[in-house]
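> what's the 3D shape of this:
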Amino acid sequence: MPLLENGQLKEEIWQVAIEGEALPEGNVLVPLARLPEALGRNSDGALGVLLAPDEDVEALRIALPRLTAVQLTFPIFRDGRAFTQARALREHLHFKGVIRAAGHILPDQYEFLLRCGVTEVVVPEKTDVSVWERAHKAFTVAYQPSILNEAPEGVALRRYLSR
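Reported below is the predicted structural model:
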């Protein structure tokens with residue numbers, strides 16, 4: 001699957017652990033249930049967690065210093081729990097690593113994902129990346145708070161988005 005970072009295609013470096021199989025070598029994303037097993041593995045690769053929408057980010061608190069990435073899942077485009085998970089990881093748990101979003105995500109949601117702390121988005125195969133690039137550049141002003149380092153500009157709470 002193609003991977004977007006800041007509106008641009010990026011090479012995928014992660015393998016997803018398959019249920020019932022041994023953990024692969026290298027950079028691996030594991031379900032939360034397999035995190036203890038992954039923390040005990042003997043590998044030089046980076047470690048990440050696949051977090052379902054119904055799983056609490058607080059469960060990652062102790063392991064976060066050893067994690068490079070957390071992948072959040074959008075099971076359907078109307079399910080916004082992953083937005084909250086991303087904000088909680090950045091604002092409350094102070095996670096500095098990669099936050100990925102995967103699942104049913106619309107290009108219209110891209111800018112808000114970035115403002116919530118998501119750094120990478122997994123998009124479906126054969127996706128027209130130009131649609132995502134346009135969505136990334138479509139908005140130049142935002143009114144809601146963000147985890148990004150934006151200074152309020154002008155009247156009220158308006159923030160000019162930096163690119």
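> C-alpha only now, for contacts and for neighbours.
Fine.
> Which strand or helix spans the residue nearest the centre of the chain?
With distances taken as CA atoms, centre = their mean, residue 100 lies nearest the centre of the chain, 2.3 Å away. Using DSSP states H and E, residue 100 maps to strand 98-103.
> Report the buried residues of that strand.
Buried residues in strand 98-103, defined by neighbour count with 16 or more other CA atoms under 10 Å: 98-102.
> contact partners of the longest helix along the chain?
Using DSSP state H, we find that the single longest helix of the chain is helix 129-138. Under the contact criterion CA atoms under 8 Å, 6 or more residues apart in numbering, helix 129-138 has outside partners 6-9, 107-108, 110-111.
> In strands, which of these appear?
Among those, the members found in strands (DSSP state E) are 8-9.
> quick one: which two of the contacts of helix 129-138 are the most distant?
9 and 108 (17.3 Å; CA to CA).
> where do the strands sit along the chain?
For the chain, the strands defined by DSSP E occupy 3-5, 8-10, 15-16, 28-31, 47-51, 69-74, 98-103, 120-122, 141-142, 159-160.
> Format those strands as TSV; extra columns: distance to residue 80 and mean pLDDT.
Output for the strands of the chain, formatted as TSV (distance: least, CA to CA, whole Å; pLDDT from 0 to 100):
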stretch	distance to residue 80	mean pLDDT
strand 3-5	19	89
strand 8-10	23	87
strand 15-16	23	94
strand 28-31	20	96
strand 47-51	14	96
strand 69-74	7	97
strand 98-103	11	96
strand 120-122	15	94
strand 141-142	19	62
strand 159-160	23	52
